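Student: fold the following.
(one chain, ligands or ions: 1)
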Amino acid sequence: MNVILLGPPGAGKGTQARKIVDEFDFDYISTGDMLRKEVESASRLGKIAKSYMNKGDLVPDSYIVEMIVDNLGELNARNLIDGFPRNISQAEALNEKLTENQQKIAVVLHMNVDDEELINRLSTRAVCILCQAPFKLKSPDENLIVKCNNSPNKDCIIKVRDDDNPKSVARRITVYKNETFPIVKYYKDLNVNLVDIDARGTEDEIFQEISKFIVV
Ligand code: ADP
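Tutor: Prediction:
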């Protein structure tokens, strides 16, 4: 069963993913997290990806498709895919892979939030650099690097993400609108089960809504 999380940066995909994985026992595949690990380990891909990510641009498809398709090689029974596909050609590559594996997309959860709220959320967000758990800052200027007590991993360190600065956030929202949002129509035309989720409420409200569409 493949569930896809689609939505602009700051929509809360990572937050909801954590809840879905805990409640419904999915394998979580996040291209953003995978790329951040590559950057952290200064691998060849990490060095290439870093400049694109920091600017808020997409990492070129050739790298992404290779990275994700490798991971989907031994497709598990229940996958929650976050951050992929991010443009039509990635959506086509995913379709190809799923068809090869005789698998389908069970549901695309399309999370909607207005730009003002996205910018507000991203300008006051820090994340654990190891487990990616989000933390709310009191103000956009507060830059804290402290031990993370909220996370199951007590050794986490929380930090503002390099791409959560105003310029990169603006770019990520534009890239989402131009390159990623057209996937909604693409899936609708293919009769893929795509549901619109109002992602402005509390984490628990949104999770309640999402849970209705995850058939177990
Ligand atoms: P967000 O949804 O908050 O922007 P992610 O953690 O999903 O954050 O992604 C962070 C960055 O990683 C993106 O801005 C982009 O540079 C890169 N990235 C992640 N997934 C992809 C993808 N499927 N294709 C290209 N670039 C990607």
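
Student: can you check the pLDDT for the nearest residue to Asn87 once chain neighbours are set aside?
Tutor: With CB to CB, 6 or more residues apart in numbering as the measure, Glu179 is the residue that lies nearest to Asn87, at 4.4 Å, once sequence neighbours are left out. Every residue, glycine included, has its C-beta placed from N, CA and C. Glu179 carries a pLDDT score of 98 in this model.

Student: next one: Glu179 from Arg161, what distance?
Tutor: Using CB to CB, to the nearest Å, Glu179 is found at 20 Å from Arg161.

Student: pairing partners for the longest strand along the chain, with directions?
Tutor: With residue count as the measure and DSSP state E as the assignment, the chain has strand 105-112 as its longest strand. The sheet places strand 105-112 alongside strand 2-6 (parallel), strand 194-198 (parallel), with pairing taken from DSSP bridges.

Student: what's that strand in contact with?
Tutor: The set of residues external to strand 105-112 that reach it, using CB atoms under 8 Å, 6 or more residues apart in numbering, is 1-8, 11-13, 16, 94, 98, 184, 187, 192-200, 206, 210, 213-215.

Student: can you read off the backbone torsions of the residue nearest to Asn87?
Tutor: phi -110, psi -40 (degrees, to the nearest 10).

Student: with mean pLDDT and distance to Phe135 added, can I get the strands paired with strand 105-112 in JSON lines?
Tutor: As requested, these are exported to JSON lines (pLDDT from 0 to 100; distance: least, CB to CB, whole Å):
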{"stretch": "strand 2-6", "mean pLDDT": "96", "distance to Phe135": "20"}
{"stretch": "strand 194-198", "mean pLDDT": "97", "distance to Phe135": "23"}
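
Student: mean neighbour count, those strands: which tops it?
Tutor: Ranked by average neighbour count under the criterion mean count of other CB atoms under 10 Å, these are headed by strand 2-6 at a mean of 24.

Student: okay, now Val108: neighbour count?
Tutor: A count of neighbours around Val108, defined by other CB atoms under 10 Å, yields 23.

Student: I misspoke; the intended subject was Gln208.
Tutor: Quick note: Gln208 (other CB under 10 Å) scores 11 neighbours.

Student: in which helix or strand does it reside?
Tutor: Taking DSSP states H and E as the criterion, the element that holds Gln208 is helix 203-211.

Student: tell me the residue of this protein that sits nearest the ligand?
Tutor: Here the chain gets closest to the ligand at one residue, Gly32, 2.0 Å apart by CB to the nearest ligand atom.

Student: relative to Val127, how far out is that residue?
Tutor: 10 Å.

Student: returning to what we had before: show me what the helix holding Gln208 is packed against.
Tutor: helix 13-24, strand 194-198 (3 or more CB pairs under 8 Å, 6 or more residues apart in numbering; DSSP states H and E).

Student: gap between the shortest one and the chain center?
Tutor: A distance of 15 Å separates the centroid of the chain from that of strand 194-198, by CA atoms, centre = their mean, to the nearest Å.

Student: what's in contact with that strand?
Tutor: The set of residues external to strand 194-198 that reach it, using CB under 8 Å, 6+ apart, is 6-7, 107-112, 184, 187-188, 206, 209-210, 213.

Student: just the C-alpha atoms of that strand, please, in PDB.
Tutor: Only the C-alpha atoms of strand 194-198 are listed here, as PDB (Å, rounded to 0.1, in the frame of the first residue of the first chain):
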ATOM      1  CA  LEU A 194      -6.300  12.200  -4.500                       C
ATOM      2  CA  VAL A 195      -7.900  13.800  -1.500                       C
ATOM      3  CA  ASP A 196      -7.600  17.500  -0.500                       C
ATOM      4  CA  ILE A 197      -6.800  17.900   3.200                       C
ATOM      5  CA  ASP A 198      -7.300  21.300   4.900                       C
END
